[in-house]
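Student: A predicted structure for the sequence below; I have some questions about it.
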Amino acid sequence: MEQYGRTRDEKYCQSCGRTISAQADICPACGARVGYRSGESYIYEHQTWLIVLLLCIFIGPLGLHRFYVRKIGTGVLMLLTAGGLGIWVIVDLIMIVMGRFTDAEGNRIY
């Protein structure tokens, strides 16, 4: 019988979403760097997504969601321009919901 889902010795690639070995630092399917810091897990990844989403919705013009994912330069620009007069906030919100928003290292936040 084939087992579905992820076991304890597996994790998800942040770039392509495939299940790979928990010890892998590079995804064999897409070649993306997938190393996690110690203590991170599938649940942690999705809590991060939720935090970024809530920061963008409630205080998006301040750019705090950008600071949270370590995009300091664009966070400062959003702070100074009130989120690009709201347009930048809407674009970020759409990207977060679609799973295309990335952190400073290029890892998707989803």
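Tutor: That came in fine, so what should we check first?

Student: walk me through the domains of the chain.
Tutor: Domain segmentation of the chain under automatic domain parsing yields 1-35, 38-110.

Student: so can I have a markdown table of the ones you listed showing mean neighbour count and mean pLDDT?
Tutor: The C-beta positions use only the backbone N, C-alpha and C, and glycine is treated the same way. Below are the domains of the chain laid out as a markdown table (neighbours: other Cβ atoms under 10 Å; pLDDT from 0 to 100):
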| stretch | mean neighbour count | mean pLDDT |
| --- | --- | --- |
| domain 1-35 | 13 | 71 |
| domain 38-110 | 15 | 84 |
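
Student: residue boundaries of the helices in the protein?
Tutor: If DSSP state H is used as the criterion, the helices of the chain fall at 42-59, 64-68, 72-85, 87-98.

Student: tell me how far the residue lying closest to residue 26 once chain neighbours are set aside lies from residue 20.
Tutor: Among residues not flanking residue 26 along the chain, residue 33 sits closest, at 5.9 Å (Cβ to Cβ, 6 or more residues apart in numbering). Here residue 33 is placed at a distance of 12 Å from residue 20 (Cβ to Cβ, to the nearest Å).

Student: residues contacting residue 57?
Tutor: Contact partners of residue 57, counting by Cβ atoms under 8 Å, 6 or more residues apart in numbering, are residue 93.

Student: do I have it right that residue 49 meets residue 109?
Tutor: Yes: the pair residue 49 / residue 109 is scored as a contact, 5.3 Å apart, by Cβ atoms under 8 Å.

Student: give the residues shared as contacts by these two.
Tutor: For the pair residue 49 and residue 109, residues contacting each of them under the criterion Cβ under 8 Å, 6+ apart are 96, 99.

Student: who touches the closest residue to residue 74 other than its chain neighbours in this structure?
Tutor: With sequence-adjacent residues excluded and distances taken as Cβ to Cβ, 6+ apart, residue 74 is closest to residue 66, at 5.1 Å. Residue 66 sits next to 72, 74, 75, 78, 92 when contact means Cβ under 8 Å, 6+ apart.
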